[in-house]
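Q: Please work out how this folds:
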Amino acid sequence: MSRPSPTLTARIREELARTKAFRAIETRVNNARVDVTGAAVEARALTLAALQERAGRRMAIVVPGDAAIDDFEASLRLFCREPKGVSAYPSPSLSPYQDLAPSLGVTRNEIRALGMLIDSEVEVLIVPARALFSRLPRPEEFASRIVRLAEGIELDMRELLERLIENGFVRTDLVGEAGEFAFRGGILDLFPPNTARAVRVELFGDTIDSLRWFEVETQRSEDESGPVSILPMTHFPVTKAVRMALGRRLSLDFMDPLFKRDLADKIERLNENGTFPGIEHYVPVASSTVSFFEYLDPAEWMFALIEPDQIATNVAKFEALLDNEYQAAAEKGRAVYPPGKLTTPGELVLSFLDSARLAFSEVHVGAPSRRSHRESFSPVGEVPKEDEGVGHDVASGDTPHPHSASLRVSLSPLARGEGGSMGNGAARNDR
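A: Numbering: from 1, shown residues only. All right, here's what the predicted structure looks like:
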């Protein structure tokens with residue numbers, strides 16, 4: 001999707017902000033949950049981009065799953081004031097009960113998004129529902145693991161190489177993909193998870209003499225990179241202290257003879273190799289963790305939902321999946337922790353979702369809970385007279401609550417993707 005000029009998109013956001021429909025949403029979203037129905041993907045993205053800009057706060061948008069992220073992210077980049085500030089956090093590629101390492105692509109996307117969150121580079125974050133179950137490192141601890149390189153900095157190379165290994169990098173002869181590094185003859189090559197290209201660090205003694213991008217196919221240096229932040233390849237460090245703590249926890253937590261064989265295998269691999277298959281799912285038990293939404297301070301962030309009913313369904317399905325996989329693994333004698341030890345409980349996820357003040361749905365199903373605190377909007381084909389006031393949402397079939405009023409607002413020109421006028425938001429008084 002090609003991006004129009006910033007001036008044009010700014011004018012589109014301004015024109016939308018002048019419509020009656022948008023003003024109604026903007027006014028009510030500060031005091032009540034607002035449900036918008038029927039808007040197209042582009043209309044949703046434009047509305048959210050305009051709201052985020054005018055509120056001056058960062059925005060987290062929860063979607064049902066990964067399938068809808070690409071198109072929605074492209075639309076947000078199209079309409080947001082700062083396209084580079086739009087980021088997506090992927091769903092976990094594996095459950096905690098699969099003895100496999102997560103895919104490199106998913107790991108890179110997760111780490112990149114975390115790095116942007118910590119450096120306050122994200123203005124709009126798209127989060128699939130399953131990602132909200134993740135347990136993450138404390139922001140300050142993750143930030144302390146970031147390696148920042150710039151010309152003129154003096155390095156302790158032994159300490160740096162050890163730090164890279166603890167951060168999940170693998171030493172190789174030649175760097176070919178993210179997460180690898182090579183050191184030879186005063187040259188350090190490494191490929192961070194947060195950059196599109198590998199970095200070549202040339203040293204003069206222990207001082208960085210130059211920083212350049214390099215092409216992994218030809219192994220040749222290219223243009224200067226400037227200062228570079230090297231994010232870790234893992235959420236949690238696998239240090240000697242963490243390995244010892246994990247070994248002690250495993251020995252104490254799985255004393256049942258049923259787990260004896262699997263426990264012995266894990267401990268042996270941990271002692272000999274410093275790791276075992278699926279260790280990523282166990283390290284959080286021996287580390288300090290926080291929930292995903294503890295990265296999202298309500299004082300700085302506003303929250304929106306895309307298809308809230310589907311999100312709630314997916315949360316329930318994933319919680320049931322975790323329980324079933326845990327039971328199956330434990331019955332087979334695998335030393336695995338219950339979901340409550342490895343993930344955020346579904347009840348807390350739903351509580352966080354309930355704090356969202358704005359939701360977009362294809363259709364509005366039934367009367368929402370706490371009707372007195374919720375407004376409902378839906379695009380219609382015709383624009384009623386502007387002086388008709390406020391009424392109930394006839395599209396949903398709901399009757400008006402005695403202490404509330406919900407609007408039936410026209411966003412149809414926007415939903416059809418027409419240029420020019422954004423449409424006249426209107427309402428009908430049925431009270």
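
Q: tell me the contacts of the residue lying closest to Q219 once chain neighbours are set aside?
A: Closest residue to Q219 apart from its sequence neighbours, by Cβ to Cβ, 6 or more residues apart in numbering: L174 at 6.5 Å. To be clear about C-beta, it is placed using only N, CA and C from the backbone, and glycine gets the same treatment. Counting by Cβ atoms under 8 Å, 6 or more residues apart in numbering, L174 touches A182, D189, V216, Q219.

Q: The first one contacts D189, doesn't it?
A: Yes - with contacts counted by Cβ atoms under 8 Å, A182 reaches D189, the gap being 4.7 Å.

Q: For the stretch 251-400 of the chain, which segments count as strands?
A: Here the stretch 251-400 of the chain has its strands, by DSSP state E, counting those that start in this stretch, at 289-291, 301-306, 358-361, 374-377.

Q: How are the helices of the stretch 201-350 of the chain distributed by residue range?
A: 240-253, 260-273, 308-331, 339-342, 346-353 (DSSP state H, counting those that start in this stretch).

Q: Redo these as TSV? Include mean neighbour count and mean pLDDT.
A: As requested, those are exported to TSV (neighbours: other Cβ atoms under 10 Å; pLDDT from 0 to 100):
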stretch	mean neighbour count	mean pLDDT
helix 240-253	14	93
helix 260-273	15	94
helix 308-331	16	96
helix 339-342	17	93
helix 346-353	17	95
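
Q: Save those as JSON lines, and put in distance to I126 too.
A: Output for those, formatted as JSON lines (distance: least, Cβ to Cβ, whole Å):
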{"stretch": "helix 240-253", "distance to I126": "31"}
{"stretch": "helix 260-273", "distance to I126": "36"}
{"stretch": "helix 308-331", "distance to I126": "13"}
{"stretch": "helix 339-342", "distance to I126": "24"}
{"stretch": "helix 346-353", "distance to I126": "15"}
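
Q: between the strands of the stretch 251-400 of the chain, which gets nearest to T344?
A: Ranking the strands of the stretch 251-400 of the chain by proximity to T344 (Cβ to Cβ) places strand 289-291 first, at 4.5 Å.

Q: For that closest one, enumerate the helices and strands it packs against.
A: When contacts are defined as 3 or more Cβ pairs under 8 Å, 6 or more residues apart in numbering; DSSP states H and E, strand 289-291 packs onto strand 135-137.

Q: Parallel or antiparallel, list what pairs with the strand it packs on.
A: Using DSSP bridges, strand 135-137 pairs in its sheet with strand 289-291 (antiparallel).

Q: longest single strand anywhere in this protein?
A: In the chain, taking DSSP state E as the definition, the longest strand is strand 207-215.

Q: how far does it sit from the chain's center?
A: Mean-position distance between strand 207-215 and its chain equals 31 Å (Cα atoms, centre = their mean, to the nearest Å).

Q: helices and strands around that strand, which ones?
A: Strand 207-215 packs on strand 198-204, strand 220-224, going by 3+ Cβ pairs under 8 Å, 6+ apart.

Q: Report the buried residues of the longest one.
A: Applying a neighbour-count criterion of 16 or more other Cβ atoms under 10 Å, the buried positions in strand 198-204 are A198, V199, R200, V201, E202, L203.

Q: got the contact list for the second one?
A: In other words, V199. By Cβ under 8 Å, 6+ apart, the neighbours of V199 are L149, D189, L190, F191, P192, L211, R212, W213, F214, S225, V228, I230.

Q: By neighbours, which of these wins?
A: P192 (28 neighbours; other Cβ atoms under 10 Å).

Q: How much space separates the residue nearest to that one when sequence neighbours are not counted from G205?
A: Excluding its sequence neighbours, the residue lying closest to P192 (Cβ to Cβ, 6+ apart) is I230, at 4.6 Å. Between I230 and G205 the distance is 21 Å, computed by Cβ to Cβ, to the nearest Å.

Q: swap in A143?
A: 29 Å.

Q: ok, back up a step: what sits up against the longest strand of the chain?
A: 149-155, 189, 197-203, 220-228.

Q: I'd like the strands of the stretch 251-400 of the chain as CSV, with distance to R54 appended.
A: Putting the strands of the stretch 251-400 of the chain into CSV (distance: least, Cβ to Cβ, whole Å) gives the following:
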stretch, distance to R54
strand 289-291, 29
strand 301-306, 11
strand 358-361, 13
strand 374-377, 17
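
Q: got these as JSON lines, with mean neighbour count, mean pLDDT and distance to N167 columns?
A: Below are these laid out as JSON lines (neighbours: other Cβ atoms under 10 Å; pLDDT from 0 to 100; distance: least, Cβ to Cβ, whole Å):
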{"stretch": "strand 289-291", "mean neighbour count": "17", "mean pLDDT": "94", "distance to N167": "17"}
{"stretch": "strand 301-306", "mean neighbour count": "22", "mean pLDDT": "95", "distance to N167": "27"}
{"stretch": "strand 358-361", "mean neighbour count": "24", "mean pLDDT": "93", "distance to N167": "37"}
{"stretch": "strand 374-377", "mean neighbour count": "25", "mean pLDDT": "55", "distance to N167": "45"}
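
Q: Among the ones you listed, which comes closest to A49?
A: The closest of those to A49 is strand 301-306. By Cβ to Cβ, the value is 11.2 Å.

Q: Summarise which helices and strands that closest one is packed against.
A: Going by 3+ Cβ pairs under 8 Å, 6+ apart, strand 301-306 lies up against helix 41-55, strand 58-63, strand 358-361.

Q: go with 10 Å
A: On a contact count with 3 or more Cβ pairs under 10 Å, 6 or more residues apart in numbering; DSSP states H and E, strand 301-306 meets strand 33-37, helix 41-55, strand 58-63, strand 124-128, helix 346-353, strand 358-361.

Q: Can you give the strand pairings for it, parallel or anti for each?
A: strand 58-63 (parallel), strand 358-361 (parallel).

Q: Setting aside sequence neighbours, what's the nearest residue to the residue nearest the centre of the chain?
A: When Cα atoms, centre = their mean is applied to the chain, the residue found nearest the centroid is Y89 (2.8 Å). Nearest residue to Y89 in three dimensions, chain neighbours excluded: A113, at 4.4 Å (Cβ to Cβ, 6+ apart).
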